[in-house]
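**Q** My questions are about this predicted structure, shown below with the sequence.
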Amino acid sequence: MSDSRPSPALPSRPRAKGEPRFPDGPKADPAGAHFERRIRSFQPRRSRVTHGQADALQRLWPKWGLDIDGRHTLDLTELFGNTNPVVLEIGFGMGEATAQMAAADPGTGILAVDVHTPGQGNLLNLADRNGLSNIRVANGDAIILLREMLTPDSLDGLRVYFPDPWPKKRHHKRRLIQPEFLTLAASRLRPGALVHCATDWEPYAQQMLEVLTGHPEFENTRPDGGYAPRPDFRPLTRFESQGLDKGHVVHDLLFRRIAHTADS
C-alpha cells in the first residue's frame, strides 16, 4: 500500500550566490531584462517546495517544462508531438484542475503557465503519475509568451480561471483581463477559439463581462449576453471551493473568437 501522506517540505539550505534553485528546472527570471518591465498582472508567491515537487521539477522539467524567455518562437506541433488542438491556461495554482481536464480530454494539449514553483512541480508530478502526456508547463510571464513566442492563430482556446482580482481600486490596472490583453490574445487565437474565464470576485466578473462584450474580436456564447453556467469540462478548483465556502458567487464567461468574413 502506497504512502499517501504529503511529502515533507525541503529543509532550507543556503545557496551560493548565483546558484540556481533547481539546476535542471525553471529559472527564477527567464526573460530577465530583455523586455520592458510592464505593470505585472501577477504576484509571485513564495512557499516551500516538497521533496516530491522538487523531484518532479528536476526529472520532468527538461521533458515537459519550458521557460518563457521571449527569445524564440514555439512550434506547438513539435512541443506536443502531434497536430491536436492546443489551449493556453494562464494561472493553474497547484494544477489539480488542469490535470483533471487533461485526463478528460487527452486529444487536447494544455500549455499551462504559472510562476508558482510548488504548483509547477505539483502539476508535473500529477502529469507523470497519471500518464498525462498532453500537458506542458511554462514558467514566466504569459504576456511575453503570447507576444514573443506564439504565432498568429496558433491557439484553439484560452483559459483564465480565478486570476488575481487585485481588489483595491488603485490596483485595477494590474488585472489581466483588459482590452489590450484581449487584443493580443485574439491575434494568437484561431477563429472560433473559446475564451473561458471564471472568477468568484463579483466586481472583476463585471469588468470581464464588460471588456469582453465590448471587444470587436469576441462574441458571447450566451444568447442573453450574460454569464454562463460552469461547463462540465471545468472541474471545481481549490480557489473556487475556498470562495464558495466564503459565500462567494462564481461566474463563468464563455466567449468565442469571431471569424471575420473577407468583406467584414
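**A** Okay, I see it.
**Q** I'd assumed Gly192 was in contact with Ala259.
**A** Yes: look at Ala259 against Gly192 with Cβ atoms under 8 Å: they come within range, at 5.7 Å. In this view, the C-beta of every residue, glycine as well, is placed from N, C-alpha and C.
**Q** Can I get stretch 183-192 in PDB, CA atoms only?
**A** Only the C-alpha atoms of stretch 183-192 are listed here, as PDB (Å, rounded to 0.1, in the frame of the first residue of the first chain):
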ATOM      1  CA  THR A 183      -6.300  42.200 -28.500                       C
ATOM      2  CA  LEU A 184      -3.100  40.400 -28.000                       C
ATOM      3  CA  ALA A 185      -4.800  37.100 -27.200                       C
ATOM      4  CA  ALA A 186      -7.100  37.500 -30.200                       C
ATOM      5  CA  SER A 187      -4.100  37.600 -32.500                       C
ATOM      6  CA  ARG A 188      -3.000  34.200 -31.300                       C
ATOM      7  CA  LEU A 189      -6.400  32.500 -31.200                       C
ATOM      8  CA  ARG A 190      -7.800  30.800 -34.200                       C
ATOM      9  CA  PRO A 191     -11.300  32.000 -35.400                       C
ATOM     10  CA  GLY A 192     -13.900  30.100 -33.300                       C
END
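**Q** Show me which residues of it are buried.
**A** Neighbour-count burial for stretch 183-192 flags 184-189 (criterion: 16 or more other Cβ atoms under 10 Å).
**Q** need those residues in CSV with distance to Gly121, can you?
**A** Putting those into CSV (distance: Cβ to Cβ, whole Å) gives the following:
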residue, distance to Gly121
Leu184, 29
Ala185, 27
Ala186, 32
Ser187, 32
Arg188, 27
Leu189, 29
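**Q** from the residues you listed, which single one is nearest Trp61?
**A** Proximity of the buried residues of stretch 183-192 to Trp61 (Cβ to Cβ) peaks at Arg188, which lies at 24.1 Å.
**Q** for the buried residues of stretch 183-192, which one is nearest Pro26?
**A** Once Cβ to Cβ is applied, the member of the buried residues of stretch 183-192 that ends up nearest Pro26 is Arg188, at 22.3 Å.
**Q** and the closest one, what is it in contact with?
**A** By Cβ atoms under 8 Å, 6 or more residues apart in numbering, the contact list for Arg188 reads 88, 146, 150-155.
**Q** Confirm that Gln58 lies within a helix, as I assumed.
**A** Yes: assessed with DSSP: H, G, I helix; E, B strand; the rest coil, Gln58 lies in a helix.
**Q** lowest-confidence helix or strand of the protein?
**A** Sorted by mean pLDDT, DSSP states H and E, the helices and strands of the chain end with helix 238-245, the least confident at a mean of 80.
**Q** Tabulate the CA atom coordinates of that helix in CSV.
**A** Output in CSV follows, covering the C-alpha atoms of helix 238-245 (Å, rounded to 0.1, in the frame of the first residue of the first chain):
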residue,chain,number,x,y,z
ARG,A,238,-9.2,24.7,-4.9
PHE,A,239,-9.6,28.5,-5.1
GLU,A,240,-13.2,28.1,-6.2
SER,A,241,-14.0,25.9,-3.3
GLN,A,242,-12.5,28.4,-0.9
GLY,A,243,-14.6,31.2,-2.4
LEU,A,244,-17.8,29.1,-2.2
ASP,A,245,-17.0,28.4,1.4
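**Q** who does the next helix or strand after it touch, helix- and strand-wise?
**A** Following helix 238-245 in sequence order, the next helix or strand is strand 251-257 (DSSP states H and E). With contacts taken as 3 or more Cβ pairs under 8 Å, 6 or more residues apart in numbering; DSSP states H and E, strand 251-257 sits against strand 189-199, helix 202-214, strand 218-220.
**Q** Can you lay out those as JSON lines showing mean pLDDT and distance to Pro30?
**A** Putting the helices and strands packed on strand 251-257 into JSON lines (pLDDT from 0 to 100; distance: least, Cβ to Cβ, whole Å) gives the following:
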{"stretch": "strand 189-199", "mean pLDDT": "97", "distance to Pro30": "24"}
{"stretch": "helix 202-214", "mean pLDDT": "97", "distance to Pro30": "28"}
{"stretch": "strand 218-220", "mean pLDDT": "98", "distance to Pro30": "29"}
